[in-house]
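Enquirer: Give me a 3D structure for the following:
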Amino acid sequence: MRRLAVGAALAVLAASGGIAQTAAMTDAAPPAAADPHIWLEDKDGSAALAWIEAENKRTLARLEADPRFTTFNEEALAIAAADDRIPMPELIDGRIMNMWRDKAHPQGIWRWTSEADYAGPAPRWTTLIDLDALSRAEGKKWVWKGVTCRQPDEKSCLVALSEGGEDATELREFDLVTGRFVDGGFVLPASKQNADWIDADTLIVSRDWGAGTLTKSGYPFVAKIVKRGQPLSAAQEVYRGTAEDIGVWPFVAVDGRGNRAVVITRAKTFFTSENFLWDGAEARRIAMPDKADIKGLVDGQLIVRVSEPWGAIPEGALASLPLDAARIGEGTPTLIFAPGPRQSVERDNIRVTGNAVIAAIYDNVRGRAMAFRRAGDGWRATTLALPDNLSVDLVATDLRHDRGFLTVSGFTTPTRLMAFDLAEDAAPRTVKALPARFDATGLAVDQIEAVSSDGTKIPYFVVHRAGAATDGATPTLMTAYGGFEVSMTPYYSGVTGKLWLERGGAFVLANIRGGGEFGPAWHEAGRKTKRQLIFDDFAAVARDLSRRGITRADRLGIFGGSNGGLLMGVELTQHPELWGAVTIQVPLLDMLRYEGIAAGASWVDEYGSIANPDERAFLARISPYHVLRRDGRYPEPYIWTTTKDDRVGPQHARKFAARMKEFGLPYMFYEDTAGGHSGDADIAQGARLQALQTVYLAQKLMPAAGQ
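Expert: Numbers count the residues shown, from 1 in each chain. Below is the predicted model:
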């Protein structure tokens with residue numbers, strides 16, 4: 001998931017620093033048959049859609065009527081569609097590829113230019129796929145979901161297209177030589193699926209093959225070989241998991257020396273998996289821990305990031321395993337890099353080049369990039385010369401060489417795209433820089449620590465006016481995620497800066513437990529029945545902001561999506577006295593039925609299951625849908641979701657809003673009909689959602705006189 005719930009007695013408890021649990025928390029919840037809003041789980045049912053239409057009309061009448069809406073929408077759209085954005089590169093076939101959206105192409109064009117041209121101020125682009133034109137021609141709203149190109153020649157690619165933004169995609173073969181979809185080429189109909197190239201005429205694919213091939217989470221558990229010109233019904237099965245798994249995902253790793261590994265990952269839970277190498281005849285399990293991810297292949301070595309100890313390799317470290325040994329189920333790992341106690345190797349920020357590994361390493365939530373090359377039986381590390389105290393994100397690498405691109409950015413530092421070549425000693429050079437999207441003059445960024453309920457220090461960043469009065473009057477937005485070992489690091493947001501910071505507001509990013517900011521242990525500390533610590537961490541930051549006079553409850557608004565949406569729902573219901581506004585985005589909220597909604601069953605290893613009595617009791621105590629009180633005094637939340645979300649599903653948001661309505665509690669609800677889990681089917685939709693949310697937050701937190 002790459003994102004957002006009375007009175008004097010509770011205020012006294014919050015001030016004491018204890019774990020606040022409202023009297024509404026119970027160990028049991030009504031059975032489904034007693035749920036008066038169960039009908040809203042019919043995602044596309046006519047009754048549910050009619051209810052949504054009425055709710056949207058009520059919400060939009062208020063938000064769009066606000067005189068600030070038009071300004072916010074125009075400003076957000078101008079930033080999203082600006083021609084001077086950085087066209088983020090992919091390195092494919094010796095060319096620079098880019099997916100680009102603007103006002104003329106709101107759904108986007110996939111295009112290319114030469115490396116030499118890209119380095120200039122005005123590259124000449126050639127369009128390969130125009131999604132807007134394709135959508136018009138085919139009567140569907142196609143959303144780009146990326147490409148998988150054949151290695152090492154990179155002449156053919158599988159293009160992933162989603163209708164309306166769902167996770168389910170259709171895969172089509174595209175020829176980079178002719179610049180066209182291949183007539184009679186590979187076409188895999190829409191499914192939650194994964195495919196990669198064995199050779200020019202062969203794919204390895206996991207997808208919905210028919211009855212009995214999907215897990216309870218809705219993902220495929222059967223991998224097959226698909227030959228060119230062959231119907232899917234004739235595909236050869238090469239691996240089968242079970243319906244109890246999360247899913248089975250194949251991929252092909254290639255290195256700069258021509259080594260190739262066909263890997264099949266059987267995800268038993270969200271965090272544990274078995275990895276296999278398929279040799280053309282059988283799939284043999286790799287001797288590696290269940291909590292480990294294969295990140296690529298370098299110099300005949302599988303690159304692995306571990307979340308549990310592996311012999312002498314500590315958790316959170318990078319290691320390598322010889323491919324030849326792995327093929328026969330053997331091998332001893334070699335340490336590449338072990339992070340310190342306040343460091344982390346970002347699990348999803350590791351890439352390989354032709355002869356090296358490059359990883360984003362965070363030290364107290366401040367980024368740097370390190371490259372690792374083979375040296376004898378070990379690895380030699382080099383730290384890239386980058387600006388200090390910024391976030392680092394790896395954008396693209398080249399398997400034919402040791403080159404690539406990365407970005408650096410910070411809350412008040414616009415994103416810079418930098419090129420690196422590990423074969424040279426030169427520092428990475430800036431290729432393109434994003435112009436400032438808001439006036440950051442006078443803004444300061446502070447990193448502070450709050451103390452949580454168990455004494456743990458929780459770091460957080462505050463972006464605010466330098467020298468601002470500490471009278472608690474500053475309208476402040478706060479966010480976090482707190483789950484799945486996903487780190488929240490400093491980032492440049494033109495929209496937040498323009499719509500909020502320029503207007504005198506402050507912004508807070510909290511690095512609460514459940515994330516990966518300090519490695520696997522930071523995540524593990526809040527998993528399953530330990531999750532209350534995550535919620536306590538967030539509340540502790542809010543209290544610390546008030547104690548320091550940075551803001552106060554009636555000026556503090558919070559927002560988060562997906563797992564962060566669950567966080568917002570819990571903070572609304574557990575600590576209503578701490579917030580003036582709560583935005584709950586594409587959330588999980590019914591934690592006693594989440595396993596049966598969309599892909600919910602895949603997250604049992606994060607949240608726990610109602611099949612386990614202890615875990616069910618905990619979920620009942622924190623489930624926002626079930627602990628909401630008819631007599632509760634909550635700030636009016638803004639809840640939004642999308643009909644096309646097939647990951648979390650819109651059912652949670654709908655039911656929570658319906659329960660608030662049932663109890664006569666104030667709320668706002670909006671459901672967009674497109675956009676999937678990310679809510680960005682096109683740039684106009686994304687800007688509009690930002691504008692609607694900012695109007696709500698401004699209404700709650702910013703005095704009208706200040707506008």
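
Enquirer: Poorly predicted segments of the stretch 601-707 of the chain, please.
Expert: 674-681, 704-707 (pLDDT under 70).

Enquirer: show me where it has strands.
Expert: 637-642, 668-672 (DSSP state E, counting those that start in this stretch).

Enquirer: I'd like to know which elements the longest one is packed against.
Expert: I take that to be strand 637-642. With contacts defined as 3 or more C-beta pairs under 8 Å, 6 or more residues apart in numbering; DSSP states H and E, strand 637-642 has these neighbours: strand 581-587, helix 651-662, strand 668-672, helix 683-701. Using the backbone N, CA and C atoms, a C-beta is placed for each residue, glycine as well.

Enquirer: List the buried residues for the second one?
Expert: Right, the one you point to is helix 651-662. Gln651, His652, Ala653, Arg654, Lys655, Phe656, Ala657, Ala658, Arg659, Met660 (16 or more other C-beta atoms under 10 Å).

Enquirer: my guess is the fifth one contacts Met591, does it?
Expert: The reference is to Lys655. No - contact criterion C-beta atoms under 8 Å: Lys655 and Met591 do not qualify, at 11.6 Å.

Enquirer: who touches both of those two?
Expert: Common contacts of Lys655 and Met591 (C-beta atoms under 8 Å, 6 or more residues apart in numbering): Tyr625.

Enquirer: Just say helix, strand or coil for Leu589.
Expert: With DSSP: H, G, I helix; E, B strand; the rest coil as the basis, Leu589 sits in coil.

Enquirer: for Glu74, that is, sorry about that
Expert: helix.

Enquirer: Can you report how many residues lie near it?
Expert: For Glu74, the neighbour count with other C-beta atoms under 10 Å is 12.

Enquirer: try the one 4 residues further on
Expert: Using other C-beta under 10 Å, Ala78 is surrounded by 15 other residues.

Enquirer: ok, now Ala466?
Expert: 10.

Enquirer: Got the confidence number for the nearest residue to it once chain neighbours are set aside?
Expert: Excluding the flanking residues, the one nearest Ala466 by C-beta to C-beta, 6 or more residues apart in numbering is Ala444, at 4.0 Å. On pLDDT, Ala444 comes in at 97.

Enquirer: JSON lines for the strands of the stretch 601-707 of the chain, including mean neighbour count and distance to Ile92?
Expert: What follows is these, written out as JSON lines (neighbours: other C-beta atoms under 10 Å; distance: least, C-beta to C-beta, whole Å):
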{"stretch": "strand 637-642", "mean neighbour count": "28", "distance to Ile92": "30"}
{"stretch": "strand 668-672", "mean neighbour count": "23", "distance to Ile92": "32"}
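
Enquirer: In a markdown table: those strands, plus distance to Thr272.
Expert: A markdown table is the format used below for these (distance: least, C-beta to C-beta, whole Å):
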| stretch | distance to Thr272 |
| --- | --- |
| strand 637-642 | 30 |
| strand 668-672 | 34 |
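
Enquirer: Of those, which is nearest Asp393?
Expert: With C-beta to C-beta as the measure, strand 637-642 is the member of these nearest Asp393 (25.4 Å).

Enquirer: Next, the angle from the closest one to helix 683-701.
Expert: Here the directions of strand 637-642 and helix 683-701 differ by 170 degrees (axes from the mean of the first three to the mean of the last three C-alpha atoms, to 10 degrees).

Enquirer: C-alpha coordinates for strand 637-642, PDB please?
Expert: This file holds the C-alpha atoms of strand 637-642, laid out as PDB (Å, rounded to 0.1, in the frame of the first residue of the first chain):
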ATOM      1  CA  PRO A 637     -14.700  14.600   9.600                       C
ATOM      2  CA  TYR A 638     -14.400  14.700   5.800                       C
ATOM      3  CA  ILE A 639     -14.400  11.200   4.400                       C
ATOM      4  CA  TRP A 640     -13.600  10.500   0.800                       C
ATOM      5  CA  THR A 641     -13.000   7.400  -1.300                       C
ATOM      6  CA  THR A 642     -13.300   6.200  -4.900                       C
END
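
Enquirer: Distance from that strand to the middle of the chain?
Expert: 18 Å (C-alpha atoms, centre = their mean, to the nearest Å).

Enquirer: Just checking: what are the partner strands of that strand?
Expert: strand 581-587 (parallel), strand 668-672 (parallel) (DSSP bridges).

Enquirer: any idea of the angle the last one forms with helix 651-662?
Expert: Read that as strand 668-672. Using the same axes, to 10 degrees: strand 668-672 against helix 651-662 is 150 degrees.

Enquirer: What is the burial count for the nearest residue to Ala436 once chain neighbours are set aside?
Expert: Spatial nearest neighbour of Ala436, chain neighbours left out: Pro414 (5.4 Å); criterion: C-beta to C-beta, 6+ apart. Each residue near Pro414 was counted by other C-beta under 10 Å, and the total is 18.

Enquirer: again, but for Gly296
Expert: A total of 20 residues lie near Gly296 under the criterion other C-beta under 10 Å.

Enquirer: what's the span of stretch 600-609 from first residue to last?
Expert: 10 Å (C-alpha to C-alpha, to the nearest Å).

Enquirer: Gly505 and Leu701 touch, don't they?
Expert: Yes - using C-beta under 8 Å, Gly505 makes contact with Leu701 at a distance of 7.5 Å.

Enquirer: Mutual contacts of these two, please.
Expert: Common neighbours of Gly505 and Leu701 (C-beta under 8 Å, 6+ apart) are Pro475, Thr476, Leu477.

Enquirer: show me the contacts for the residue nearest to the first one when sequence neighbours are not counted.
Expert: It refers to Pro475. Closest residue to Pro475 apart from its sequence neighbours, by C-beta to C-beta, 6+ apart: Leu701 at 4.0 Å. By C-beta under 8 Å, 6+ apart, the residues touching Leu701 are Pro475, Thr476, Leu477, Gly505, Asp554, Arg555, Leu556, Gly557, Gly580, Ala581.

Enquirer: Any figure for the gap between Leu701 and Arg503?
Expert: Distance from Leu701 to Arg503, counting by C-beta to C-beta, to the nearest Å: 10 Å.

Enquirer: One more: Val648?
Expert: 31 Å.

Enquirer: Which one's more surrounded, the two?
Expert: Each of Val648 and Arg503 has its neighbours counted (other C-beta under 10 Å); Val648 has more, 28 against 16.

Enquirer: That one against Ala598, yeah?
Expert: Yes - contact criterion C-beta under 8 Å: Val648 and Ala598 qualify, at 5.8 Å.

Enquirer: sorry, back to before: let me know the secondary structure of the residue nearest to Ala436.
Expert: coil.

Enquirer: mind listing what it touches?
Expert: So Pro414 contacts Ala433, Leu434, Pro435, Ala436, Arg437, Tyr492, Gly494 (C-beta under 8 Å, 6+ apart).

Enquirer: pLDDT weak spots in this protein?
Expert: 1-33, 674-681, 704-707.

Enquirer: Distance of Asp471 relative to Arg503?
Expert: Taken as C-beta to C-beta, the span from Asp471 to Arg503 is 18 Å.

Enquirer: hang on, I meant Met568
Expert: For Met568 relative to Arg503 (C-beta to C-beta), the value is 22 Å.

Enquirer: repeat for Arg400
Expert: Taking C-beta to C-beta, one finds Arg400 at 48 Å from Arg503.

Enquirer: Then Leu188?
Expert: According to C-beta to C-beta, Leu188 and Arg503 sit 48 Å apart.

Enquirer: Columns distance to Gln690 on top of the buried residues of helix 651-662, output as a markdown table?
Expert: Listed next are the buried residues of helix 651-662 as a markdown table, based on distance: C-beta to C-beta, whole Å:
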| residue | distance to Gln690 |
| --- | --- |
| Gln651 | 24 |
| His652 | 21 |
| Ala653 | 18 |
| Arg654 | 22 |
| Lys655 | 25 |
| Phe656 | 22 |
| Ala657 | 20 |
| Ala658 | 25 |
| Arg659 | 27 |
| Met660 | 24 |
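
Enquirer: Specify which member of those is nearest to Trp603.
Expert: Using C-beta to C-beta, the buried residues of helix 651-662 come closest to Trp603 at His652, 12.4 Å.
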